[in-house]
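> here is a sequence together with a model predicted from it:
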Amino acid sequence: AQSVTQLDSHVSVSEGTPVLLRCNYSSSYSPSLFWYVQHPNKGLQLLLKYTSAATLVKGINGFEAEFKKSETSFHLTKPSAHMSDAAEYFCVFQPRGGATNKLIFGTGTLLAVQP
Amino acid sequence: NAGVTQTPKFQVLKTGQSMTLQCAQDMNHEYMSWYRQDPGMGLRLIHYSVGAGITDQGEVPNGYNVSRSTTEDFPLRLLSAAPSQTSVYFCASSSLQDQPQHFGDGTRLSIL
């Protein structure tokens, strides 16, 4: 069965320190993978996407993620957290092929940034 | 640029009432979807459409109907609201199968 797991429901960091949000997936095939961010009372905004090109993907606002097939992981990182990064982050799996456009969402990681 | 527009932003209903959540996109996207977001559960797919006149069920379709008469619009109907349908509803669209989806800002629905 295809699935995506976000390993931490809450992460708290201090401003200026690195951010690591962990995501693992389960699939027999190489998927498309995305990270989305959701600020309070807003919709989801795409941070970055992996679609089988480079394994290190750079996104907006200084975020990046590395696709590691051997570890079935797609962790999100940022070298230095900013207060504005406080939000909920979703790792999203999209099966390749097929006639539909269906996404499988992780349960989310709430990132708190302390001053 | 409007993107994906959802109306209303907030709504309170009584059990048994019906209503339609509106979703419109101005990007000429073929794919449109409705999700519900509940605490600790991420987003779950309710219904989706791959083009005008074509709809299909997602993971949690019971209690919801959709139609897609135009490329731009994809309304979600609750025929007889139940408290279990209290949630935040998101509409999304994308141009192609493997392209990222664009999300609206959501409709926050409470059913008493």
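Noted; the coordinates are in hand.
> please name the residues that touch B:Thr20.
Contacts here follow Cβ atoms under 8 Å, 6 or more residues apart in numbering or on different chains; on that basis B:Thr20 touches B:Pro75, B:Leu76, B:Arg77, B:Leu78. Backbone N, C-alpha and C define where each C-beta goes, glycine included.
> assumed the third one was part of a strand.
This means B:Arg77. Yes - residue assignment for B:Arg77, taken from DSSP: H, G, I helix; E, B strand; the rest coil, places it within a strand.
> could I get the pLDDT score of the residue nearest to it when sequence neighbours are not counted?
Closest residue in space to B:Arg77, ignoring its immediate chain neighbours: B:Asn65 at 4.4 Å, by Cβ to Cβ, 6 or more residues apart in numbering or on different chains. Here the pLDDT value assigned to B:Asn65 is 97.
> ok, B:Asn65 - how many residues close by?
15 (other Cβ atoms under 10 Å in any protein chain shown).
> kindly reformat the contacts of B:Thr20 as TSV containing neighbour count and pLDDT.
Listed next are the contacts of B:Thr20 as TSV, based on neighbours: other Cβ atoms under 10 Å in any protein chain shown; pLDDT from 0 to 100:
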residue	neighbour count	pLDDT
B:Pro75	16	98
B:Leu76	21	98
B:Arg77	14	97
B:Leu78	20	96
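> hang on, the earlier thing: for the residue nearest to B:Arg77, what is the enclosing helix or strand?
strand B:64-66 (DSSP states H and E).
> need the residues that contact that strand.
B:Trp34, B:Ile46, B:His47, B:Ser49, B:Thr55, B:Phe74, B:Pro75, B:Leu76, B:Arg77, B:Leu78, B:Leu79.
> repeat that for stretch A:40-53.
A:30, A:32-39, A:57-61, A:63-65, A:67, A:74, A:76, A:87, A:89-90, B:4, B:43, B:90, B:92, B:98, B:100-106.
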